[in-house]
Structure formats: structure tokens, C-alpha cells
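Novice: I would like to see how this sequence folds:
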Amino acid sequence: MIQIFTRVAASATLLFLPFVASAESLKNPLGYGTFCGLLKGILNVLIALGLPAMVFFLVLAGARFVFARGNADKLKDARQNLLYTIIGIAMFLGVWVVAAVVTNMINSLQSSSGNSGGQISSSC
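Specialist: Sure, this is the predicted structure:
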């Protein structure tokens, strides 16, 4: 069975090799030219998804306070939910600030180095 699979794979490779070899160039499907650009794109998506999630969880915590109706156990759960929501928002915003600081630091270091000697600049 393994020998048959090996022969089929080898035949398929030899069959499609001319098509692969004749390809002019591979195109980047993501559209980002640098690794920093890819990281920026990922962070932008995370921010676009994170901001509505923050608002949702804040509204949910507020709704839990309203629906507690004075019940001590439910109020305790609502306070804990609000605390965890605020901690999560602080962590999310902290990561965003750290990413912005690192990006600015990389850009300032690259601009101060001068990029002499024909080096390729890959600013973030």
C-alpha cells in the first residue's frame, strides 16, 4: 500500500513539475511586504475585535448589577465580573501600548542608524 502511494506521489510530482517551474513568481496573498507589516495587520484585527468585546463585557457586567436586584450573592458575582472585565481591558490596552512603544523604538533606532552601506530598511 505504501509503495503504491509513493509511486502515485512521485508520478504526480513529475506531472506537475513543469507547471511549477514555469511560474513567473509567487504572489503574497496577505499583501504585507514585511514581518512588521504582518504584525501591524494582526494587531489591527485584534483591536477591531477587542474593542467591541470590551464594550460587550462592560455592558454585561452592568446588566448583572441590574439583574442582581439586591441579592448579596448575585451582587458579589457582578462585582467580580466587573473586576475581571476591567482587568482584561487593562491587559488588552497594556499590550497595545507596549506594541506601540516597541514599534516607535524600532523606527527611531532605524532612522538614527542612517542605513548606510545599502542595507534594506524594514521599518515597522
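Novice: give the contact list for the residue nearest in space to the middle of the chain.
Specialist: The residue lying closest to the centre of the chain (Cα atoms, centre = their mean) is Ile42, at 3.2 Å. With contact set as Cβ atoms under 8 Å, 6 or more residues apart in numbering, Ile42 has no partners. (C-beta placed from N, C-alpha, C; glycine too.)
Novice: Run the chain-centre distance for the helix or strand where Leu38 lies.
Specialist: Using DSSP states H and E, Leu38 sits in helix 35-68. Computed by Cα atoms, centre = their mean, to the nearest Å, the chain-centroid distance of helix 35-68 equals 13 Å.
Novice: Around the nearest residue to Thr85 once chain neighbours are set aside, count how many other residues there are.
Specialist: In this structure, Thr85 finds its nearest non-sequential neighbour in Phe57, 4.6 Å apart by Cβ to Cβ, 6 or more residues apart in numbering. Around Phe57 there are 17 other residues, counting by other Cβ atoms under 10 Å.
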